[in-house]
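Undergrad: Sequence below, structure please.
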Amino acid sequence: GSVGLLMANHFVPAWHQPYQSPWNAMNMVVRSAYVNGVPLMPGDEIALYDGSTCVGMTVVDRVMDHTHIPLIVNASTEGGDVPGSARIGEFIIFKMWVQATNTEYSYPDMSVYFDVPVATHYEGLGTAFIDRISYTTPSSDASIPIADNDYAPIPMTYEGANLSITALGARYYGVPFNTWVPNVVTTGGDIRVIYIPTPPIGVGFIGTAPAVYSQYHWYIDPGTVGFTADEAHPVVFEIDTTGLTGFIDYTDVLVYKRSIHGTPSFEACNTVWDPPYLRVSVTSFSEFVLGGPISSTLPVELSSFTASISTGNSVMLYWISQSETNLSGYRIFRSAQPELESAIMLDTFVDATNSSQTQAYVFYDTELEEAGTYYYWLQSLDLNGSNEYHGPAILTYSPLEPHTPPVVYEQGLNSIYPNPFNPSTTIFYALDTEQNVKLDIYNVRGQLVNRIDCGRQAAGAHRIEWNGTDQNGTGLGSGMYLIRLDLGLQQYTRKAVLSK
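TA: Numbers count the residues shown, from 1 in each chain. Now for the predicted structure:
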């Protein structure tokens, strides 16, 4: 422990001071540790965290592949005069750092396999035996391989992610070149670029935060690729804004980065707008998101606008906004012709929520009496007086028949709203027949944290509120949870994010 701390290049425990020792140290005995199937090597580091506080670490001095004796990582625990120690009962979070690529890997994409007895929370003078710590990059849009001691095939273009890497730093050669050679790597592998079409989790910003940020983000994983980058010889990548949503003016939009996927705050990167590209200079890869002022955004970003016949034979108009900014609300227009100029405005006004989260709206048109094809347009009105039309949504209408067939419900876990949530969320689901219902809630480690037994329920639409607690009523920590609707022979699963 002490030798490892003196040699540390990356992690430094909050309690570590000269001549300071951990209090009531909890020992983590780690037998193996892997990143994308490759074991940690001497010089890499393993750290222990309580939330965002580093409470212990060690430098790896052996190949972590089960063939060597286990490595011990110590965490200081509370109770003594040692600030920055782990709180008893808090969840143990592991992080790893790979020296060759200067990349940190962390929860929630980390899997930790404990030996029996399992000890997943901090305890004074305790010991936990870990058979394997494993990080696997989430499913990727694309990866581009590079050989050992070779040049990167610049530009490296990832079509599905709207992103290209145009420079990969530079390596200094004193002999015989006495110069910096750009885009050369020491160790090869795959550089993966993942475009994630959902908002990042646990967003915070260092310095001045942007007024709005994109409801999608990127994760760039260099894997085992070794490269050298600094301010004078940076990594440069370009984001092609063609087809991206949420912004109408990229002049003042910046790219923001955080070094650990899913945990700490974002910080602004050196960003240049060169239409249609945002050109970004950094010294390492990780997670990236766009951010900008209110003036750069669309007042509303719709993901759907549909028309259908409701159970009462009225027309149900349904639309979903991914984000709203400075929006007054919505008006609805209807016509029997496909031209907007012939449409009449219905007697309604739907107020906007002006939220950066997904919002769903429903309006029922009960005034139709004649059969025919109808066209609907949705008008969004900005607070500054401007407006935009969406649609048309097209529907064929028939008057109500003497006999109305029974309502048929599509069984499943329909939605979770709000999501992300704090402190509670509502789970919406439907049954096509009467049956026994259970809702099981798991953390990302696959552990069952709560079970809600709803008993036997009739066919139809149902909802239940979950307040973010475990089976004992104790509040759970921030993170992703899997909610499973268990109907015996059939199960349905959705993700929910608790963001405190």
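
Undergrad: my guess is Val212 meets Ile294, correct?
TA: Yes. Using C-beta atoms under 8 Å, Val212 is in contact with Ile294, at 6.6 Å. All C-beta atoms are positioned from the backbone trio N, CA, C, and that covers glycine.

Undergrad: now for stretch 43-55, what's the gap between its first and last residues?
TA: 19 Å (C-alpha to C-alpha, to the nearest Å).

Undergrad: Now the common contact residues for Val212 and Ile294.
TA: Listed as contacting both Val212 and Ile294 by C-beta atoms under 8 Å, 6 or more residues apart in numbering are Thr325.

Undergrad: more crowded one of the two?
TA: It is Val212, of Val212 and Ile294, that has more neighbours when counted by other C-beta atoms under 10 Å, with 21 against 11.

Undergrad: separation between that one and Leu254?
TA: 12 Å (C-beta to C-beta, to the nearest Å).

Undergrad: shared neighbours of the two, anything?
TA: Gly291, Gly292.

Undergrad: Helices along the stretch 301-450 of the chain, start to end?
TA: Counting by DSSP state H, counting those that start in this stretch, no segments of the stretch 301-450 of the chain form helices.

Undergrad: pLDDT weak spots in it?
TA: Along the stretch 301-450 of the chain, the model assigns pLDDT under 70 to residues 303, 311, 356-358, 400-409.

Undergrad: pLDDT score assigned to the most centrally placed residue in the chain?
TA: Nearest residue to the geometric centre of the chain (C-alpha atoms, centre = their mean): Pro200, 3.6 Å. pLDDT for Pro200: 70.

Undergrad: who touches Arg87 in this structure?
TA: Arg87 makes contacts with Asp50, Thr77, Glu78, Tyr122, as judged by C-beta under 8 Å, 6+ apart.

Undergrad: circling back: in this structure the residue nearest to the centre of the chain contacts Val289, no?
TA: Yes. Taking contacts as C-beta under 8 Å, Pro200 lies within contact range of Val289: 5.5 Å.

Undergrad: got any residues that touch both of these two?
TA: In contact with both Pro200 and Val289: His217, using C-beta under 8 Å, 6+ apart.

Undergrad: What does the residue lying closest to Ala142 once chain neighbours are set aside show for phi and psi?
TA: Using C-beta to C-beta, 6 or more residues apart in numbering and skipping the chain neighbours, the partner closest in space to Ala142 is Tyr158 (4.3 Å). According to degrees, to the nearest 10, the main-chain angles of Tyr158 amount to phi -110, psi 90.

Undergrad: Neighbours of Tyr158, how many?
TA: Neighbour count for Tyr158, taken as other C-beta under 10 Å: 23.

Undergrad: show me the contacts for it.
TA: Under the criterion of C-beta under 8 Å, 6+ apart, the contact list for Tyr158 reads Asp141, Ala142, Ile144, Ser164, Val193, Tyr195.

Undergrad: Check the residues you listed and tell me the two furthest apart.
TA: Spatially, the most separated pair among those is Ile144 and Tyr195, at 14.4 Å (C-beta to C-beta).

Undergrad: Just to check, Glu159 is in contact with Tyr195?
TA: No. Applying C-beta under 8 Å as the test, Glu159 and Tyr195 come out as separate, 10.2 Å apart.

Undergrad: that older thread, turn the contacts of Arg87 into TSV, including pLDDT.
TA: Below are the contacts of Arg87 laid out as TSV (pLDDT from 0 to 100):
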residue	pLDDT
Asp50	88
Thr77	90
Glu78	85
Tyr122	87
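
Undergrad: Would you mind listing which of those residues are buried?
TA: Taking 16 or more other C-beta atoms under 10 Å as the criterion, what is buried in the contacts of Arg87 is Asp50, Thr77, Glu78, Tyr122.

Undergrad: circling back to that earlier point, bridge partners for the residue nearest to Ala142, pull those for me.
TA: Tyr158 forms beta bridges with Leu163, as assigned by DSSP bridges.

Undergrad: any idea how far whichever helix or strand Ile72 is part of is from the chain center?
TA: Assessed by DSSP states H and E, Ile72 sits inside strand 71-75. Here the centre of strand 71-75 is set off from its chain's centre by 30 Å, with C-alpha atoms, centre = their mean, to the nearest Å.

Undergrad: Quick one: list the elements packing against that strand.
TA: strand 26-30, strand 45-50, strand 53-59 (3 or more C-beta pairs under 8 Å, 6 or more residues apart in numbering; DSSP states H and E).

Undergrad: Now do that strand, average pLDDT.
TA: 90.
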